[in-house]
Structure formats: structure tokens, C-alpha cells
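>>> No letters, just coordinates:
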């Protein structure tokens with residue numbers, strides 16, 4: 001346990017599936033419990049792999065899903081596709097739903113299921129003793145990854161379910177560093193407690209990671225650089241734009257250069273990792289992220305969700321911007337500007353060696369750090385430097401150098417950075433959260449073109465101060481935990 005008091009929860013749906021305590025507490029002969037399952041370093045590594053596999057921002061399909069789906073359907077990057085049978089219409093229309101299958105339920109259940117797996121391995125690890133120095137180092141390396149993965153899951157929950165990231169006394173999420181009981185029921189921790197909890201996990205993880213371990217050279221495993229990126233992301237959430245955060249960003253950018261046009265295109269076919277800091281490995285048989293948008297594959301008349309005309313317009317602003325070709329499938333039909341007949345097929349996940357619709361999920365890239373750097377510079381008054389940092393990214397995407405135009409005001413800088421983040425990370429699970437975090441500073445909520453929202457007969461706007469920018473505590477949790485508070489407005 002951490003030195004400060006942590007509260008626990010029921011996490012009803014998760015515990016129903018994975019708790020080792022059933023109603024009768026019967027232990028069957030030959031049952032594979034933790035004491036049997038985890039006895040060696042190899043067993044702990046298998047447990048870690050299982051925790052990685054549980055984490056699924058790409059999970060879902062056919063009108064429901066986790067973070068990638070949520071950020072697409074709740075923002076302005078999507079319209080109904082020609083194959084639509086109404087998939088996602090309720091979410092797109094902002095009809096409040098926090099029951100099973102809703103974005104709130106998907107994200108809450110998945111992150112706490114991931115946390116539960118992590119904590120079970122950590123609990124088993126605490127009951128084992130290793131004396132060989134090499135084994136101790138390996139176990140610590142595994143523990144470091146587990147702690148960082150737990151921090152990542154809590155960070156996701158913090159971003160989706162916390163109203164105000166900078167209100168220390170406000171409610172955030174429930175911090176869990178143990179395996180809870182089905183009888184537990186407690187209130188959410190405060191923002192200050194959750195931020196301290198995540199930071200403590202990241203700091204301990206950073207001290208345990210072995211830089212000489214072979215896994216640190218591949219981006220499918222957490223290393224010190226991934227931890228540094230998570231520290232940066234938490235810092236800007238909480239309003240920390242200090243020199244220490246900027247230094248960490250510069251260190252990552254020195255280690256992970258921005259991809260050129262060819263490398264950028266290859267990255268989404270899983271053929272290049274130049275700027276990939278951390279990604280989730282997906283192989284044949286795994287969840288196909290393309291299934292969030294298509295019934296079968298990227299082809300005409302098969303997409304039930306398509307790129308919005310508004311996003312296409314932004315991707316078409318700069319000549320030779322590789323992001324247009326990466327995100328818009330060649331089989332698309334563009335009849336004309338904002339034409340309702342445009343069939344704009346999403347090509348971000350064309351499939352790779354894992355098969356149709358199956359691609360690795362690029363969770364953290366150096367381009368995100370580049371734009372965070374620009375935001376830090378802008379918020380600290382270095383508007384010219386911020387403009388150049390954004391221009392450096394644009395130059396890599398267009399393949400040609402162009403002079404930057406300094407921002408006149410902070411608002412101008414933030415709007416431009418928000419637009420650049422939209423183009424860079426569309427369909428990667430960031431847009432809705434970007435509008436939630438940066439939008440209030442510049443008065444921007446969701447604002448869709450009539451041709452796009454009309455495809456669903458849905459509202460075109462979500463006001464910047466709308467309560468729905470923070471997801472609801474899901475119904476399953478409310479049913480199983482009578483001590484937890486719902487977010488305002490629901």
C-alpha cells in the first residue's frame with residue numbers, strides 16, 4: 001500500500017468476471033490460482049504479457065468501442081458511412097447512455113480489468129523470493145512495466161472521468177493498487193490523490209526498469225522513455241508547463257526523430273517505427289481496429305462510419321500533406337467540396353501482417369511530444385518558438401520546408417496546435433480529449449459541418465462547457481458500488 005490512504009471499489013462488472021472469490025468460496029482441486037500460476041520469472045513475464053493484452057483502446061466494433069471509437073464518434077472527425085445501419089448514431093447524437101456497451105462503460109471496465117490483472121501479478125510477485133542477482137533484476141524490470149501500465153490505465157480513467165484536472169479537491173477516479181473484494185464500496189479519490197498516485201507509480205517504475213534489458217529496444221514494451229512520455233502527458237493535464245517538462249520533451253525528441261513522408265506512411269502499415277515511442281502489438285487473431293469503421297475491409301460500400309467532410313477539408317489544406325493519403329483510402333469518391341455523396345473511406349488502419357483490419361496501435365509518437373513542446377512554448381510566451389515547432393512537423397508531413405508564421409496571441413497558438421493535433425492524430429483516440437482539455441482555453445467545443453452531422457440527423461455542436469465532455473460513471477459501477485458519486489449532469 002502507498003503511504004497515503006487509498007480507497008477501493010467494487011468495479012462490479014470486472015470483479016464479476018475475474019474475482020477469485022465466488023459466492024461459496026469453493027476451491028476446486030487442481031484450480032489454477034495465483035500461487036500455482038506464478039512461481040518463476042517466466043510465469044511473471046506471462047502475467048505481464050496478459051496485462052498488456054488486456055489493455056484495449058482499440059477494442060470494439062460495429063457501433064461500439066473503447067477510446068479510439070469514443071474520440072471519433074463524439075467529436076467532429078466522423079460521419080455516417082454508405083453502409084450505415086445506424087451504428088454509433090446514439091453516441092454521435094450525444095444521447096446520454098452509460099449502460100453496457102457505451103463509451104463510458106467500455107473505457108471504465110477495460111481500464112479496471114487491466115489494473116486488476118496488473119495487481120494480481122504484483123500480489124503474486126510479493127509472495128515470491130528470488131536470490132539470483134540476474135533474476136532479481138529481471139523481476140524488477142517486470143515490476144516496473146506493471147507499475148507503469150497501471151499508471152497508464154489510471155491516467156486514461158483520470159482524463160475521461162474527471163471534470164477538472166486542475167481542481168485538487170474535486171473527484172477523479174478510484175485508485176487501486178490491490179485486488180479488491182466484491183464487498184468493497186468506496187467513493188472516488190480526489191484529483192490530488194489520483195495525480196499523486198499515478199506519479200508515484202511512474203517514479204517507482206522508472207527506478208525499476210533495466211535499461212540493458214532486450215525489451216527496451218522494441219516499442220511494444222514499456223521502457224524509461226515511455227514512462228517519461230506519460231509523465232509529460234500527466235503534467236500538461238494538470239497545468240504544469242514548466243522547464244522540467246520541456247526538458248523531458250526535448251530528450252524524447254532527440255531520441256525519436258519525426259518520421260519523413262515515406263516513414264510516416266509505412267508506420268501505419270506496421271512497417272516503420274522511427275517515431276513510435278510506444279505501441280500495442282496486434283497479431284493475427286487479435287482485435288481488428290478496422291472493425292470500428294468497416295464490416296469487412298477498406299472498400300466502397302463497406303464502411304458504416306466514414307471520415308467527415310470537415311476533416312477532409314483540413315487534411316487538404318497543405319499541398320502534398322502525407323496525412324491526407326494515409327487517412328483517406330484511395331477507393332474513396334470525392335464528388336465535390338462538402339458534397340453529401342462523398343464517400344470518404346478511413347484508411348488509418350489498412351491492415352498489416354496480422355491480416356485485414358489488424359494493425360498495431362501507435363499509442364505514443366514523437367509527433368505528439370512535438371506538439372506538446374509547442375504548447376509548452378506557447379503557454380510560456382515563446383510564441384515564435386511555438387510556431388516554428390509546429391512548422392517543423394508540417395514540413396516533415398509535406399516534404400518541403402516552409403517559413404513559420406509567428407502567432408500573435410496565445411489563443412491563436414492554441415487554436416493552431418489544436419488543429420494540427422486533429423490532423424496528426426485523427427482516429428488515434430485523442431480528438432475528444434483534446435477538445436476537452438484545450439477547448440475551454442479558446443472557447444471551442446465540437447462544431448461539425450451540417451453535411452456531416454446531417455448524415456446522422458444529429459446535433460452539429462457540443463458546447464465547450466457541456467457536461468458530456470466528462471464521461472459518466474457507468475451504470476454497472478453505480479449498481480455495485482453504492483458509495484460512488486456520479487459526475488454532474490448525469
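Structure's in. What do you need? It should be emphasised that the depicted structure is a prediction, and the values quoted were computed from it without experimental measurement.

>>> Just give me the longest helix of the chain.
Identified as the longest helix of the chain according to DSSP state H is helix 133-161.

>>> tell me how far it is from the chain's mean position?
Mean-position distance between helix 133-161 and its chain equals 16 Å (C-alpha atoms, centre = their mean, to the nearest Å).

>>> where do the helices sit along the stretch 51-200 of the chain?
Secondary structure of the stretch 51-200 of the chain by DSSP state H, counting those that start in this stretch: the helices cover 67-73, 89-92, 103-126, 133-161, 191-208.

>>> Equivalent analysis for the stretch 251-400 of the chain, please.
261-267, 309-315, 322-327, 366-379, 383-398.

>>> and the second one, what other elements does it pack with?
In other words, helix 309-315. With contacts taken as 3 or more C-beta pairs under 8 Å, 6 or more residues apart in numbering; DSSP states H and E, helix 309-315 sits against helix 322-327, helix 410-425, helix 450-453. Any C-beta I mention is one placed from the backbone N, CA and C, and that applies to glycine too.

>>> 10 Å - rerun?
strand 78-80, helix 322-327, helix 410-425, helix 450-453 (3 or more C-beta pairs under 10 Å, 6 or more residues apart in numbering; DSSP states H and E).

>>> For it, buried residues please.
The neighbour-count check on helix 309-315 (16 or more other C-beta atoms under 10 Å) flags 309-312, 314-315 as buried.

>>> which one of those sits closest to residue 405?
Closest approach to residue 405 among the buried residues of helix 309-315 (C-beta to C-beta): residue 314, at 17.2 Å.

>>> Skipping its backbone neighbours, what lies nearest that closest one in space?
Among residues not flanking residue 314 along the chain, residue 423 sits closest, at 5.6 Å (C-beta to C-beta, 6 or more residues apart in numbering).

>>> what are the ranges of the strands in the stretch 201-350 of the chain?
For the stretch 201-350 of the chain, applying DSSP state E, counting those that start in this stretch gives strands covering 276-280, 305-307.

>>> Report the mean per-residue pLDDT for the longest one.
Strand 276-280 shows a mean pLDDT of 98 in the predicted model.

>>> now that strand, how far from the chain's geometric center?
12 Å.

>>> Show me the shaky parts of the stretch 351-490 of the chain.
For the stretch 351-490 of the chain, no stretch has pLDDT under 70.

>>> Quick check, residue 339 in contact with residue 449.
No: applying C-beta atoms under 10 Å, one finds residue 339 not in contact with residue 449, separated by 11.4 Å.

>>> Neighbour count for the two, which is higher?
Per other C-beta atoms under 10 Å, whichever of residue 339 and residue 449 has more neighbours is residue 449, with 17 against 12.

>>> still on that earlier bit, packed most tightly, which of the strands of the stretch 201-350 of the chain would that be?
Comparing the strands of the stretch 201-350 of the chain on average neighbours per residue, with mean count of other C-beta atoms under 10 Å, the densest one is strand 305-307 at a mean of 28.

>>> And for that strand, what's in contact with it?
Strand 305-307 has contacts (C-beta atoms under 10 Å, 6 or more residues apart in numbering) with 62-63, 69, 72-73, 77-84, 87-88, 92, 292-294, 312, 315, 327-329, 332, 342-348, 426-427, 452, 455-456.

>>> mean confidence for it?
Strand 305-307 carries an average pLDDT of 98.

>>> Tell me where the model's unsure across the stretch 151-300 of the chain.
Ranges of the stretch 151-300 of the chain meeting pLDDT under 70: none found.

>>> How about the contacts made by residue 458?
79-80, 88-95, 448, 452.

>>> Weed out the non-buried ones from those residues.
Judged by 16+ other C-beta under 10 Å, buried ones among the contacts of residue 458: 79-80, 88-92, 94, 448, 452.

>>> Now render the helices of the stretch 51-200 of the chain as TSV, adding distance to residue 182.
Shown next, in TSV, are these (distance: least, C-beta to C-beta, whole Å):
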stretch	distance to residue 182
helix 67-73	27
helix 89-92	30
helix 103-126	12
helix 133-161	20
helix 191-208	23
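
>>> and of those helices, who's closest to residue 281?
In terms of C-beta to C-beta, the element of the helices of the stretch 51-200 of the chain nearest to residue 281 is helix 133-161, at 13.7 Å.

>>> returning to that earlier point: got the strands of the stretch 201-350 of the chain as TSV, with distance to residue 207 columns?
Output for the strands of the stretch 201-350 of the chain, formatted as TSV (distance: least, C-beta to C-beta, whole Å):
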stretch	distance to residue 207
strand 276-280	19
strand 305-307	43
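
>>> So which of the ones you listed is nearest residue 243?
Shortest distance between residue 243 and the strands of the stretch 201-350 of the chain, using C-beta to C-beta, is found for strand 276-280: 21.2 Å.

>>> helices or strands up against that closest one?
Using 3+ C-beta pairs under 10 Å, 6+ apart: strand 276-280 touches helix 224-237, strand 361-365, helix 366-379.

>>> what lines up beside the second one in the sheet?
Paired strands of strand 361-365, with direction, are strand 276-280 (antiparallel) (DSSP bridges).

>>> and the angle from the partner strand to helix 366-379?
Counting by axes from the mean of the first three to the mean of the last three C-alpha atoms, to 10 degrees, strand 276-280 lies at 120 degrees to helix 366-379.

>>> Great, nothing more from me.
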